[in-house]
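Participant: I'll drop the sequence and a predicted model, then ask my questions.
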Amino acid sequence: MQHRNLRIAFVGGGSVGHIAPNIAVIDALYKKTKKEKIPLSVYYIGRRNTFERGIVEKENIHYYGIFTGKLRRYWDVRHLSDPFLIAIGFFQSLFILLYARPDMVFLKGGFVTVPVALACKLLFVPMMAHESDIEPGMANKLACKLGAYMALGFNTSLYPTSIQKKSFFSGNPIRPDITGKLLDRKQLSKKYNLDSKLPIVLFIGGSQGSAKMNSLLESILPKLTKKFVVIHSVGKNDYGHFEGLKKDLDSKYIQNYVVYPYIEHDLGSFLQNASLIVSRAGVGGITEIMYFKKPSIIIPISSNGGHQVTNANYLAKNKIASVLDENVADGTMLYREIEFVISNRGLKDRITKVAPTLFPSNSAQIISDEIIRYLGYSN
């Protein structure tokens, strides 16, 4: 059966968490359309003159940059200019959509979503939006009101009724580079000169690092490296400090601590071979942890609207992660929890059983299949 050309515009920016899932869906969509012999054209709408352009263009995807303002929950002098930037972005979006004529616009949230969603509404362009968190962001709430079909990162029953009515459960897409060819423990230990007999404890504080997690780790680092291999994504601001701490470790244990500003290579291999992961509760991080079915200690950020706390509480409620309150946790508490979780066989078994039902490993494929079905391209 010969199909007409399928054109999809992807929108997202502001953080890697808004870009990487789009890349994953695009990758799955190309595989799907190639298999079903559907001609596909993809392009991307994001902020102008920002880092996301480089990430997207590296994937050989055409990029359109637009102006946009931010929907803030707090007072900021930029509130005065934001409406004008959104208005400019709206007219830019109109011209882009009229020129490219997409069959659908896929919105990943973030403030670049707003002007594009408004333009889609005016031009009657179908929209699908993906919401990663249990608490929907302001941009996606607006997109839903404007008629977007919602792909939800968590079970639909957790969301407001207004969103449930036009949504499906997709889970959260995993970056393709995380799930590619991975090193086994022997290969990883040889490459990074690690003790292959000790359990690996992986600390991930997000792309910028976490001052709270770094402080907790610093207080127990000498003690921890006597029993575990510690892999630490520290953030660029604290990297020099922790490099200095490494030099002060006992020479017998210094190789048991590996610190990076940010883990760019072999993150999937570190995740796969870790006995325990200590992480914030950003949805990208916990999705990757659950993909590899790993025991974890989650320390959510208690500010920023509380969405990390909501994510962490969901894991705790389903008994698939240990959660510590950053406002009361100290190094002693963290060390005890590390020892307890690593030795807890029942937790490992429960994660293996429950995680796949709550965090689908094929989320990008689920979304790409639904795009094809929704637009009537399935045979």
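Facilitator: All right, it came through fine. Residues are numbered from 1 along each chain as shown.
Participant: now the end-to-end length of stretch 219-234.
Facilitator: Its first and final residues considered, stretch 219-234 spans 14 Å by Cα to Cα, to the nearest Å.
Participant: Can you point out the buried residues in it?
Facilitator: Within stretch 219-234, the residues scored as buried using 16 or more other Cβ atoms under 10 Å are Ile220, Leu221, Leu224, Thr225, Lys227, Phe228, Val229, Val230, Ile231, His232, Ser233, Val234. (Each C-beta comes from the backbone N, C-alpha and C, glycine too.)
Participant: which other residues reach that stretch?
Facilitator: Residues outside stretch 219-234 that contact it (Cβ atoms under 8 Å, 6 or more residues apart in numbering) are 194-195, 198-205, 209, 214, 217, 242, 245, 249-250, 253-254, 256-263, 270, 274-275, 330-332, 334-335, 338.
Participant: circling back: mind putting the buried residues of stretch 219-234 into CSV with pLDDT, secondary structure and distance to Lys145?
Facilitator: CSV is the format used below for the buried residues of stretch 219-234 (pLDDT from 0 to 100; DSSP: H, G, I helix; E, B strand; the rest coil; distance: Cβ to Cβ, whole Å):
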residue, pLDDT, secondary structure, distance to Lys145
Ile220, 97, helix, 47
Leu221, 98, helix, 49
Leu224, 98, helix, 48
Thr225, 97, coil, 52
Lys227, 97, coil, 53
Phe228, 98, coil, 49
Val229, 98, strand, 49
Val230, 98, strand, 46
Ile231, 98, strand, 43
His232, 97, strand, 42
Ser233, 95, strand, 37
Val234, 95, coil, 41
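Participant: between those residues, which is nearest Met150?
Facilitator: Nearest to Met150, judged by Cβ to Cβ, of the buried residues of stretch 219-234 is Ser233 at 31.5 Å.
Participant: tell me which element Leu216 falls in.
Facilitator: Using DSSP states H and E, Leu216 maps to helix 211-224.
Participant: how far away is the residue nearest to Asp238 when sequence neighbours are not counted from Leu221?
Facilitator: Excluding its sequence neighbours, the residue lying closest to Asp238 (Cβ to Cβ, 6 or more residues apart in numbering) is Asn214, at 5.2 Å. Using Cβ to Cβ, to the nearest Å, Asn214 is found at 10 Å from Leu221.
Participant: Next: Phe168.
Facilitator: 45 Å.
Participant: now Asn172
Facilitator: According to Cβ to Cβ, Asn172 and Leu221 sit 32 Å apart.
Participant: do Ile38 as well
Facilitator: Separation of Ile38 from Leu221 (Cβ to Cβ): 53 Å.
Participant: now the strands for the protein?
Facilitator: 6-11, 40-47, 62-66, 104-107, 127-131, 149-152, 167-169, 200-204, 229-233, 257-260, 276-279, 296-298, 322-323 (DSSP state E).
Participant: Which of these sits closest to Gln365?
Facilitator: When those are compared (using Cβ to Cβ), the closest one is strand 149-152, at 12.0 Å.
Participant: next one: that closest one to chain centre, how far?
Facilitator: Distance of strand 149-152 from the chain centroid (Cα atoms, centre = their mean, to the nearest Å) equals 16 Å.
Participant: Which neighbours in the sheet does that strand have, and how are they oriented?
Facilitator: strand 127-131 (parallel), strand 167-169 (parallel) (DSSP bridges).
Participant: Let me know which of these is tucked in deepest.
Facilitator: Highest mean neighbour count of the strands paired with strand 149-152: strand 127-131, a mean of 26 (counted as mean count of other Cβ atoms under 10 Å).
Participant: List of residues touching that strand?
Facilitator: Against strand 127-131 from outside (Cβ under 8 Å, 6+ apart): 21, 25, 104-109, 113, 117, 120, 137, 140, 143-144, 146-153, 159, 163, 170, 173, 367, 370-371, 374.
Participant: And the closest residue to Leu122 other than its chain neighbours, how far from Arg101?
Facilitator: Spatial nearest neighbour of Leu122, excluding adjacent residues (Cβ to Cβ, 6+ apart): Leu94 at 7.0 Å. Distance, Leu94 to Arg101, using Cβ to Cβ: 12 Å.
Participant: Give the residue from those two that has the larger number of neighbours.
Facilitator: Between Leu94 and Arg101, counting by other Cβ atoms under 10 Å, Leu94 is the more crowded of the two (17 against 12).
Participant: Show the contacting residues for that one.
Facilitator: Ala119, Leu122, Leu123.
Participant: can you count the residues close to the last one?
Facilitator: So that's Leu123. Neighbour tally, Leu123, other Cβ under 10 Å: 14.
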